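Asks: Please find the sequence and the predicted model below.
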Amino acid sequence: MSVLLRVASLEELEIPPNAVVVADRSLPANLLSALARPILVDAGEGLKTLASIERLAGEVLKRQASKPMTIVAVGGGSVGDAVGFLASILWRGVQLWHVPTTLLAMVDSAHGGKTAVNLGSAKNQLGTFYPAEKVILVDEILGTLPTRERQDGLFELIKGLWLGDAAALPRLEAEGGVAALGAQAFGDVSARLMELVERAVRVKQKVVEEDPFESKGIRTVLNLGHTAAHALELICGLSHGQAVGWGMLAAARVSVEQGDFSPADAARLRSHIDPLLRYNQPLNALLEEGLSAEFVAILRRDKKRIAGKLRSVLLSAAGQPYVTNTVAPADWFIALEQEHARWLGRPLRVVGAFEPERRAAAPLAIEASKSELNRAQIIAALHPYEVEVRGDSSSADVFYLRSTLGAIQSVAPEESVAVYCGEGGTTLRFLLAFAATRPGETRLYAHPGLLKRPHAPLLDALRQGGAQIDEITDARGAGFSVRGWQQAPESIEIDGRISSQFASALAMLSATGAPLELIVRSERASGNEMASRPYFTMTLEMLRRVGLNVDERDIPAGQSFRVYAGDGFERPSTLEIEPDASSAAVWAVAEYLGVPVDMSAYQAPAMQPDSGVVEILARLREASKRGDGSIRLNLQASPDLVPVIAVAASRVETEVRVEGVAHLRHKESNRIEDLVELFDAVGVEIEAMEDGIRIPAGIQRARDAEVETFGDHRMAMAALLLSAHGAAITIKKPWVVAKSYPNLWRDAAYLGWRVDAPGEG
């Protein structure tokens, strides 16, 4: 068994004179400078090839050409695998030390006594059993890890303690629990964290000592959480730590349902795992759609199978794992579905608790605009020439459009294809128009809530253009079947008063280069113009950027837009996506409320109407400063701002009337009535009007409360802002924010909000 040592810093590490150090090139400079002439390597699967091992052996022999030799591996799992393999075969074996530099390696991979390299595309096909003489834990190294890496490593630590050290669990739960270990500054948790690391390592060492060559089956228990995790890594691209976390939750549920693990113990294990998990769009899509086939197929190929039966690791109690072959692959998928739904449904409690001196240290990196990105994806897919899209977003709307477009484009146009659109309006509506360009059937399934929103004007327009569209309901769900037109229409007409997305979906059909006249009906004379017109203007501007001309003219029924290929249509073009103004608006309002967020570097995007938040907040400041009795804000151009602007308006001595947004009743929720209910729950008075809301004069302060989000991401954003002045607000179903801003809660915590699940913090 390896000797386990612990030192405070690399400078305290006494490396023997015959040693050759191999280190991960990406380590911080201050760590590398403490090592004696290290050979620097690029960590990752590319290091674990026979060609890389041969090159590395040559470098090592240049440094030390005779025995005795000690090779010191300073890095994470891939460095440990590759260097360990080399040490085991060089001169039939030389001394090996591991200095793991990730928490994952510290508690897991450095102590198994196994090495591995890849053979072609097959992972870990060549390897040896070769335990290191010493494994050295360096406190200083953990202090340099990004928070996400520390959190991911904690899953293996938790696994180790649940496998064999139940007495350590109270220590895991002390002093802020797991959440503190994952989020607080290393110096604040270092003593507790390093103590728990050593205890988890001892558990693994004991198991490995009893079964060093995996010949007795004892080591199988180390795969707790890994049965499902390996499949999630492959399908969803989850990090190993996150995948193990979800796998442990599934194991807890199966252990209760098929064994004698108590519900109380399962709840305790969940309390250790839940705070460290992160929302993942591919995982959400996999489980929301119930796409179990690929997952089950991977488990049926699991290397732990014996006689064709999957061996699963379950728990009967903390410290009491066991192996069983009674759990079917489908059982693991069902358990994951149920645990994922439970985790998503956990309420979050938010409380504003800010340190003003952090102001200069709180700039935020805003992701690319989902509105622009989804338009860009459709334009690039339809355009016959090269269109490069620069920018990315982790929002659900962008993810679903990207994945559905990829699936549709992977088959021939005349072939049938079925996709799931999630609950994003742009995803479904843009794809309805896109599908009308395909002769084959396109089946578009969607979330029930999205199907309740109005789509009839767009469906009617596409049918008039020659597309065949039917509503469908089958075993997979509900949605629309679209068979495209035989010939693209030269003219198409749409009612623009309900949603500008209808007009945008049709206008983008011109990206093919075929000329199109789009007539958008409205009642301009009576002031009932196109809803959210700036978003349609955004669409036209993006079409211009890829070489299309747009001629606009007023007509009695509304407006006519003739879109056709221009001189630059055949040239390569680029769509540079701006930062998301809707996300930035949350923090602009937060700054207005006194939250220490630095927005000075934020440049308002030119095309996005929500950039107007800066001007709106300035008007509120001026009205309050002048002592105006009342102010009117027409937000017809930027209705998504209404929930967050309502929070700002509740903090001024001026009556504020928000007008021009009657169509908000047709959003993810009835955003006007539901906003009134949300504010009422926290004791803040606002009043619904026919086309907006009224916020009475006077500074109002939210009280502690539990609130609904009504399935609407904008409601969750408003609830967060309402807590800015110290109210403890518990938000039900908080992950509705994944639609547009999955990182909202992470960013709020970064700015100083306390964000936790009731009972966890």
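Replies: Alright, I've got the coordinates.

Asks: Give the full set of residues in contact with the residue most central in space within the chain.
Replies: Among the residues of the chain, the one closest to the centroid is N280, at 4.2 Å (CA atoms, centre = their mean). Going by CB atoms under 8 Å, 6 or more residues apart in numbering, N280 touches 236, 238, 242. Where you see a C-beta, it was placed from the backbone N, CA and C, and this is true even at glycine.

Asks: Phi first, then psi, for it.
Replies: With angles defined as degrees, to the nearest 10, N280 sits at phi -130, psi 120.

Asks: And for R746?
Replies: Torsion angles, degrees, to the nearest 10, at R746: phi -60, psi -50.

Asks: can you check R305 too?
Replies: Backbone torsions of R305, given as degrees, to the nearest 10, read phi -70, psi 150.

Asks: measure it to I218 for me?
Replies: Separation of R305 from I218 (CB to CB, to the nearest Å): 18 Å.

Asks: For the residue nearest to D756 when sequence neighbours are not counted, give the beta-bridge partners.
Replies: Using CB to CB, 6 or more residues apart in numbering and skipping the chain neighbours, the partner closest in space to D756 is R349 (5.7 Å). Note on R349: beta-bridge partners T730, D756, judged by DSSP bridges.

Asks: Please tell me I have it right and R349 contacts I729.
Replies: Yes: R349 lies in contact with I729 (CB atoms under 8 Å); the separation is 7.1 Å.

Asks: returning to what we had before: neighbour count winner among R305 and I218?
Replies: Between R305 and I218, counting by other CB atoms under 10 Å, I218 is the more crowded of the two (16 against 13).

Asks: Am I right that that one is in contact with K206?
Replies: No: assessed by CB under 8 Å, I218 is found out of contact with K206, at 9.9 Å.

Asks: excluding its backbone neighbours, what's nearest E570?
Replies: For E570, ignoring the flanking residues on the chain, the nearest one in space by CB to CB, 6+ apart is Y385 at 5.4 Å.

Asks: Dihedrals phi and psi, the one you found?
Replies: phi -120, psi 170.

Asks: What of V203?
Replies: Backbone torsions of V203, given as degrees, to the nearest 10, read phi -60, psi -50.

Asks: How about Q95?
Replies: As for Q95, its main-chain torsions (degrees, to the nearest 10) stand at phi -60, psi 140.

Asks: Ok, H447 next?
Replies: Torsion angles, degrees, to the nearest 10, at H447: phi -60, psi 140.

Asks: Please report the distance of the nearest residue to it once chain neighbours are set aside from A180.
Replies: Spatial nearest neighbour of H447, excluding adjacent residues (CB to CB, 6+ apart): E423 at 3.6 Å. Separation of E423 from A180 (CB to CB): 34 Å.

Asks: Give me the more crowded residue out of those two.
Replies: E423 (23 against 17).

Asks: Now do the contacts for that one.
Replies: Going by CB under 8 Å, 6+ apart, E423 touches 396, 446-447, 449-450, 668, 711, 739.

Asks: just V398 next, same as before
Replies: By CB under 8 Å, 6+ apart, the contact set of V398 is 370, 373-374, 377, 392.

Asks: Among these, which pair sits farthest apart?
Replies: Greatest spatial distance among the contacts of V398 (CB to CB): N374 and D392, at 12.1 Å.

Asks: Who has more neighbours out of those two?
Replies: N374 (28 against 12).

Asks: Could you confirm the more buried one falls within a helix?
Replies: Yes: under DSSP: H, G, I helix; E, B strand; the rest coil, N374 falls within a helix.

Asks: That one contacts F399, correct?
Replies: No: if you go by CB under 8 Å, N374 and F399 don't touch, sitting 10.4 Å apart.

Asks: do you know how far the closest residue to P572 other than its chain neighbours is from R571?
Replies: Spatial nearest neighbour of P572, excluding adjacent residues (CB to CB, 6+ apart): E386 at 4.1 Å. From E386 over to R571 the distance is 9 Å, taken as CB to CB.

Asks: Which parts of the stretch 501-650 of the chain are strands?
Replies: Secondary structure of the stretch 501-650 of the chain (DSSP state E, counting those that start in this stretch): strands at 516-521, 548-555, 558-565, 573-576, 630-634.

Asks: would TSV of the ones you listed with mean neighbour count be doable?
Replies: Putting those into TSV (neighbours: other CB atoms under 10 Å) gives the following:
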stretch	mean neighbour count
strand 516-521	21
strand 548-555	13
strand 558-565	19
strand 573-576	16
strand 630-634	16
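
Asks: nearest to R651, of the ones you listed?
Replies: Across these, R651 has its closest neighbour in strand 630-634 (13.4 Å, CB to CB).

Asks: May I have the strands that pair with the closest one, each with its orientation?
Replies: Take DSSP bridges as the rule and strand 630-634 pairs in its sheet with strand 655-659 (parallel).

Asks: Next secondary structure element downstream of the partner strand?
Replies: Note on strand 655-659: by DSSP states H and E, the next helix or strand toward the C-terminus is helix 671-681.

Asks: The helix or strand just after that following helix: how far from the chain's middle?
Replies: Downstream of helix 671-681, the first helix or strand assigned by DSSP H and E is strand 687-689. Centroid displacement of strand 687-689 relative to its chain, using CA atoms, centre = their mean, to the nearest Å, is 35 Å.

Asks: who touches strand 687-689?
Replies: Residues from elsewhere that reach strand 687-689, judged by CB under 8 Å, 6+ apart: 657, 659, 672-673, 676, 693-696.

Asks: which of those residues lies closest to E140?
Replies: Proximity of the contacts of strand 687-689 to E140 (CB to CB) peaks at I695, which lies at 52.7 Å.

Asks: For burial, what's the neighbour tally of that closest one?
Replies: Residues contacting I695 under the criterion other CB under 10 Å number 26.

Asks: Bridge partners for it, pull those for me.
Replies: Judged by DSSP bridges, the bridge partners of I695 are V656.

Asks: which ones are touching it?
Replies: So I695 contacts 646, 649-650, 655-658, 685-687 (CB under 8 Å, 6+ apart).

Asks: swap in L232?
Replies: 238, 242-243, 246-247, 283, 295, 336.

Asks: hmm, back to that, my guess is the residue nearest to E570 meets R571, correct?
Replies: Yes: Y385 lies in contact with R571 (CB under 8 Å); the separation is 7.2 Å.

Asks: the more surrounded of these two?
Replies: In this view Y385 and R571 are compared by other CB under 10 Å, and Y385 has more residues nearby, 15 against 10.

Asks: Low-confidence ranges, the stretch 301-450 of the chain, go.
Replies: For the stretch 301-450 of the chain, residues meeting the criterion pLDDT under 70 lie at 355-363.

Asks: The closest residue to R253 other than its chain neighbours: neighbour count?
Replies: Nearest residue to R253, sequence neighbours excluded (CB to CB, 6+ apart): A335, at 4.4 Å. Using other CB under 10 Å, A335 has 24 other residues around it.

Asks: now do S481
Replies: Each residue near S481 was counted by other CB under 10 Å, and the total is 17.

Asks: Tell me if I'm right that it and T442 touch.
Replies: Yes: assessed by CB under 8 Å, S481 is found in contact with T442 at 7.5 Å.

Asks: Let's verify S66: helix, strand, or coil?
Replies: coil.
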